[in-house]
Each structure stands twice: as C-alpha cells, then as structure tokens.
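# Can you look at this prediction? I've put the sequence above it.
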Amino acid sequence: MPQQAHIIAQRLLNLYRQEHVIEGGWAAVNKVFVQESNDPKVINELELLPTGKKLIAHINNLHSGKTPMDSIDKDLLPYGGMMSGQTVIFSLSDEEKSQLKIALDEFQPTPEHLAKIKSMPVVQRFGNDWIEDIKSSIMSDADMLAKWRIVAKTDKAYRIWDSAKKLLSETLTERNRAQIQADMPEYETYLPMFGDQGQEALARLRTFVSSI
C-alpha cells in the first residue's frame, strides 16, 4: 500500500536533520529527496512541518540543478550548520570558563541542575544554540567536554520526555502517528531513562503506532 504523503514528508525531514550521522552524507540523502519529492502532496505536508520550508527550498535547488547532488546551500543547512562537520569556534572568557567548570563539576542529571545550567549568563548569551555553541567553545578541554555531553544528553532526554507526555495527553491523530514513527529511535533511546514511567510511555507509543 502506498505510504501517505505526511509519512514520507516526516521521513524526509528526519533525513534532513540527521544527515550529519548518515553514511554518505548529502550525496546519499539528496538522492532520496529527489526520488521521493515528486508528489505535490509531500511538498504540501513539508510546508506544515518545522524547518520544512528550508528543506523544500533545498529540494527545489536539487531539481533545478542549482545545488550539486553531493551538496547543500550553506544558508539551508539544518541547525544553522552547527551539525555539518564544520567546526565553529566560540570563545569564553577565563571567568566564564571558570564558572562553567564549577557548574559542570556539580551537575547532576536532574531538572533542577539542568535549569541552573540554562540560567547561567554564559549559557544564555548563546540563545537557542547554547548546546552546540558551548560545546564548540570547550573543545580543547576533554574533561569539560565529557561533562557537557552529560548536560546535552540530559536536556535531550527531558525534551523527549515532555514530547511523549504531550502526545499521550492529546487525541492521537494520523499525523501524530507519522511523527512518532519518525522519532521512535529517540523515544527508544531516552524514555527508558525515566524508569517505569518512561517504559510505560514507550509501550503506549509503540501500541499506537502498531494499532492503526
């Protein structure tokens, strides 16, 4: 049975966001974009998804030949290019680095500790890109970098947890189902971190995906 347009659109958007971990990079995912974007309904569905319009612009560039099949326009890179393998270095003052180091030494993977990290002026000045920008600024300090990865994983876990709770509190739709299917690897990675409640939420999400 042909897949519905919104399922294809969600899969394409997932590939777009995850290119940096896919073997073959843009050469591999661009081939999929061209093959699976001929249906106007898929493009219509992409317009409704976060960052979908950027992906549409990229797909149009591929179809027109403006962008080579192994590349992407730098202005259309997902996450502003922070995940593309292009290292961008941000600098911290000695005082900022010292404050961050103390906070990382005290950090525990709890909402309270995460909120304390996110409220620090040194973190807030990087805005929505704080995880990758701070990471870039401490690349030369292996100990801080290892502890920062724990912060990043904790933030991701709670965002996935909040997403799961929101989905399960709503009337689940076919569009929700497509989103859950695309994000299932992340749910399977992070929800078990929340013990029995997380396992229960994961089981409910799996049941919904398989019940329609």
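Received, thanks. This one's a predicted model, so the numbers in the text were calculated from it and none came from an experiment. Residues are numbered from 1 along each chain as shown.

# ranges for the helices of this structure?
Using DSSP state H, the helices found in the chain span residues 5-18, 25-36, 40-47, 52-64, 94-106, 111-119, 121-124, 130-137, 142-169, 174-190, 195-211.

# Which of those helices sits closest to residue 70?
Taking CB to CB, helix 25-36 is the member of those nearest to residue 70, at 4.0 Å. For every residue, glycine as well, the C-beta is placed using N, CA and C.

# For that closest one, the averaged confidence score.
Helix 25-36 shows an average pLDDT of 90 in the prediction.

# Mind splitting the chain into its structural domains?
5-81, 88-212 (automatic domain parsing).

# Output these as a markdown table; include the columns mean neighbour count.
A markdown table is the format used below for the domains of the chain (neighbours: other CB atoms under 10 Å):
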| stretch | mean neighbour count |
| --- | --- |
| domain 5-81 | 16 |
| domain 88-212 | 15 |
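
# returning to what we had before: what would the helices of the chain look like in JSON lines with distance to residue 74?
Below are the helices of the chain laid out as JSON lines (distance: least, CB to CB, whole Å):
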{"stretch": "helix 5-18", "distance to residue 74": "15"}
{"stretch": "helix 25-36", "distance to residue 74": "12"}
{"stretch": "helix 40-47", "distance to residue 74": "20"}
{"stretch": "helix 52-64", "distance to residue 74": "11"}
{"stretch": "helix 94-106", "distance to residue 74": "28"}
{"stretch": "helix 111-119", "distance to residue 74": "29"}
{"stretch": "helix 121-124", "distance to residue 74": "26"}
{"stretch": "helix 130-137", "distance to residue 74": "16"}
{"stretch": "helix 142-169", "distance to residue 74": "24"}
{"stretch": "helix 174-190", "distance to residue 74": "25"}
{"stretch": "helix 195-211", "distance to residue 74": "36"}
